[in-house]
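1. No sequence on hand, only this structure:
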């Protein structure tokens, strides 16, 4: 038993790369996670923890003392340390900051002064800067005095004596240009520079659209404060994709596949209770037509069809619009066209579905009135649900509500209420 | 009118960056798209089209002659040209290849020999290579003979005379090392090298886990064939995120927010008809219990609650597992733990929901038997649906079926059938 443990310990600490150790921990149930983490050598903990999800980071950090955390963060990127500390209680963070040396603390505080989801929270402070009036030859000799360059250094920031950002010197230009030229002659000034207060999703868009590897970050006064690298932007992009998917199922962004049962249970219950309201609203609508159903029980058999087809058609539009918003495709200039198109599609698809459904209904129950009622209800519900699918995310975004989170439950409420109301209401009017 | 057009033309061709022109075209309805595209100058078309979605690329390309396409692709990255051509009919592709010069054609054919979603289909052929036995000083002088370096050149590939890959020379090492050292002394040989046949999602994982900017690609015999850069990997990551989200709503991966109505209508109709089968299956189950419903109409009022709560609880698990699969977290080693946890959560959440729902039901209808029946049905359906949410994606993936596409409709069928069957069946046994 202890022989097996020793072997696992050896694999964790010398066989696997830290990123693979992190992946192994992420993919394990809670008890195995704890055991694996304890087997990781002290001097590798920092490398492993930076690849873990925020949820797991704060879980492991909460068991450590301020000194241990300070030791662990010694070799980490400043932005990763900042992200990690921001999840801890204020008191603990202060304690950890105090146990660091002055330079590390100053760098961390610079980053932690900005919101976690801003460019400032995403940046590193390890930028290499050069002055505009020196020659490339001097730059090359200056670089050679370094043992290593910061990761992903594809350009150097050009600043003046006041540390104000002037432009960038791409490493590729440094390599192909005549060493006697000055930085000013070679640098580019039209490069994409990021404001420290920009939101991280804006930063991701700039990186994606201009194929950047790194970009300088400046503060409101134009001073260089750091730089953002593509590896952190990739994490933002991955998280954005996750966000819509998880939110639409009422799951937390930081949802952990192997969270303990009680923790998962509590989180998911909130969503189930919100949806319970929707379900009872639908039931109340059906309750209004109890007498009708008592007389024509076929209505009870068919009513879920009307509600579910509306729900499906609406959620297609909802998903499309939420994604269009994320890509920045949807604006006031094209909403009207989009709504008109959705009405047109609702007309076409609603009519086709209504014909098929009412034909099947006629073959099943042999009642032309019920067939007519279900056809009308399908067209009405699909049209309403599709319009709701397009309008809800636009309204919600304008009001600052997250459409990925609130959109699907609002849409279900609408398609259930309109579906049951139109089907049972029309049946009461026409069939009875 | 023509004055306004001239102004739009000026903005498109000199005011905006090509990537912004592409974004404008993507965000416009079909007619405006066509007009905007026609206003783009011939020599900017190549730069604009590479930023458009595949759907729009093939739309615009289909109107052009082989020569026009060949001209347009002249300044584009080889991998982007390959992607574009792979969407055109085989005959047209051949014609275009024949109208290119020999070098371009050879490069393109090398890429197009690999599947579009493989590393080979993603790579570029513009790698700068160096031999191991030369000094860094020679490398620096060799680079200075270039006017520019290929974009995102953060390392040079080291190859032998047979073009076999030996290692990489990171540009950052080239800059900080003594110029008299040889490439062999400085190069790294443990770098992540990509096999041309690897799937693009594997490539994305390697890039993400090791924070790469570019990586060399080799063929089966170890020869260097190209290199992959992070900008193309970012597209893969973005598309992967989109894929799960869109598939779960039955939308196409390449779904275009502003596709013409008829095109959208046709695509979405397929999904609606698949879901119609589910809806009629559910209706058939209800139909089995017509007599019961006729006697106790409260059942018709309450039955959608049972089905929908199961659907919601199941889709939370489904989403979690699909995402866990995408992240590579789920394996045979932890499935059992996951299933046991879901049963435990189903027990907790199912019981809590059952209590609340049966209490409301009792207050509403005053019948303890109906309250008991709905409580039991909720526990049964939530347990079944949650297990289905966990098991379906695992089975589907093993069978090569896409869980994001097929999972939600299969789950809805199960939660409807089990929900109606258990609720109405128990009611028939207990209440009647």
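-> That came through, no problem. Note that this is a predicted model, so its numbers are computed, not measured.

2. how deep is the closest residue to residue A:111 other than its chain neighbours tucked in, by neighbour count?
-> Nearest non-adjacent residue to residue A:111, counting by Cβ to Cβ, 6 or more residues apart in numbering or on different chains: residue A:82, 4.2 Å away. (C-beta placed from N, C-alpha, C; glycine too.) Residue A:82 has 27 neighbouring residues, counting by other Cβ atoms under 10 Å in any protein chain shown.

3. in what helix or strand does the nearest residue to residue A:348 once chain neighbours are set aside lie?
-> Counting by Cβ to Cβ, 6+ apart, residue A:348 lies nearest to residue B:265, which is 4.7 Å off, once chain neighbours are set aside. Assessed by DSSP states H and E, residue B:265 sits inside helix B:261-287.

4. Give the other helices and strands that that helix contacts.
-> helix A:298-326, helix A:332-365, helix B:403-430 (3 or more Cβ pairs under 8 Å, 6 or more residues apart in numbering or on different chains; DSSP states H and E).

5. the inter-axis angle of the shortest one versus helix A:298-326?
-> Angle between the axes of helix B:403-430 and helix A:298-326 is 150 degrees (criterion: axes from the mean of the first three to the mean of the last three Cα atoms, to 10 degrees).

6. Please state the offset of helix B:403-430 from the chain centre?
-> Distance of helix B:403-430 from its chain centroid, counting by Cα atoms, centre = their mean, to the nearest Å, is 29 Å.

7. so what's residue A:57 closest to, chain neighbours aside?
-> In this structure, residue A:57 finds its nearest non-sequential neighbour in residue A:84, 5.3 Å apart by Cβ to Cβ, 6+ apart.

8. so is the residue of the stretch 201-350 of chain A at minimum distance from chain B in a helix, a strand, or just coil?
-> In the stretch 201-350 of chain A, the residue found nearest to chain B is residue A:241; the distance is 2.0 Å by Cβ to the nearest Cβ. The three-state label given to residue A:241 by DSSP: H, G, I helix; E, B strand; the rest coil is helix.

9. from memory it sits against residue B:243, does it?
-> No: contact criterion Cβ atoms under 8 Å: residue A:241 and residue B:243 do not qualify, at 9.0 Å.

10. what about those two, which has more around it?
-> Per other Cβ under 10 Å, whichever of residue A:241 and residue B:243 has more neighbours is residue A:241, with 23 against 19.

11. Who are the contact partners of the more buried one?
-> Residues near residue A:241 by Cβ atoms under 8 Å, 6 or more residues apart in numbering or on different chains: B:237-238, B:240-242, B:244-245.

12. what domains does the record give for chain A?
-> What automatic domain parsing lists as the domains of chain A is A:2-117, A:129-248, A:261-430.

13. So the spatially most central residue of chain A versus residue A:328, what's the distance?
-> Nearest residue to the geometric centre of chain A (Cα atoms, centre = their mean): residue A:240, 2.5 Å. Going from residue A:240 to residue A:328 by Cβ to Cβ, to the nearest Å gives 12 Å.

14. about what we covered before: I'd like the helices and strands packed on helix B:261-287 as TSV, with distance to residue A:401 and mean pLDDT appended.
-> Listed next are the helices and strands packed on helix B:261-287 as TSV, based on distance: least, Cβ to Cβ, whole Å; pLDDT from 0 to 100:
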stretch	distance to residue A:401	mean pLDDT
helix A:298-326	12	94
helix A:332-365	17	94
helix B:403-430	24	95
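
15. now those in JSON lines, with mean neighbour count?
-> As requested, the helices and strands packed on helix B:261-287 are exported to JSON lines (neighbours: other Cβ atoms under 10 Å in any protein chain shown):
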{"stretch": "helix A:298-326", "mean neighbour count": "26"}
{"stretch": "helix A:332-365", "mean neighbour count": "18"}
{"stretch": "helix B:403-430", "mean neighbour count": "22"}
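
16. out of those, nearest to residue B:384?
-> helix B:403-430 (4.6 Å; Cβ to Cβ).

17. Can you tell me which helices and strands that closest one packs against?
-> In terms of contacts (3+ Cβ pairs under 8 Å, 6+ apart), helix B:403-430 is packed against helix B:230-248, helix B:261-287, helix B:290-295, helix B:298-326, helix B:368-398.

18. orientation of that helix relative to helix B:261-287 in degrees?
-> Interaxial angle of helix B:403-430 relative to helix B:261-287 (the same axes, to 10 degrees): 20 degrees.

19. now the angle from helix B:403-430 to helix B:230-248?
-> Going by the same axes, to 10 degrees, helix B:403-430 is angled at 20 degrees with respect to helix B:230-248.

20. Please settle this for me: is residue A:197 part of a strand?
-> No: counting by three-state DSSP, residue A:197 falls outside a strand, being coil.

21. pLDDT at it, what is it?
-> At residue A:197, the model reports a pLDDT of 95.

22. so how far is residue B:407 from the closest residue to it other than its chain neighbours?
-> Among residues not flanking residue A:197 along the chain, residue A:118 sits closest, at 5.7 Å (Cβ to Cβ, 6+ apart). Per Cβ to Cβ, residue A:118 is found 36 Å from residue B:407.

23. what's the strand or helix carrying residue A:70 packed up against?
-> In the assignment (DSSP H and E), residue A:70 maps to helix A:66-72. Helix A:66-72 is packed against helix A:45-49, helix A:90-98, with contacts defined by 3+ Cβ pairs under 8 Å, 6+ apart.

24. Of the ones you listed, which stretch is the most buried?
-> Compared across the helices and strands packed on helix A:66-72, helix A:45-49 shows the largest average neighbour count, a mean of 21 (mean count of other Cβ atoms under 10 Å in any protein chain shown).

25. And that helix, what does it pack against?
-> Judged by 3+ Cβ pairs under 8 Å, 6+ apart, helix A:45-49 is in contact with helix A:18-26, helix A:54-61, helix A:66-72.
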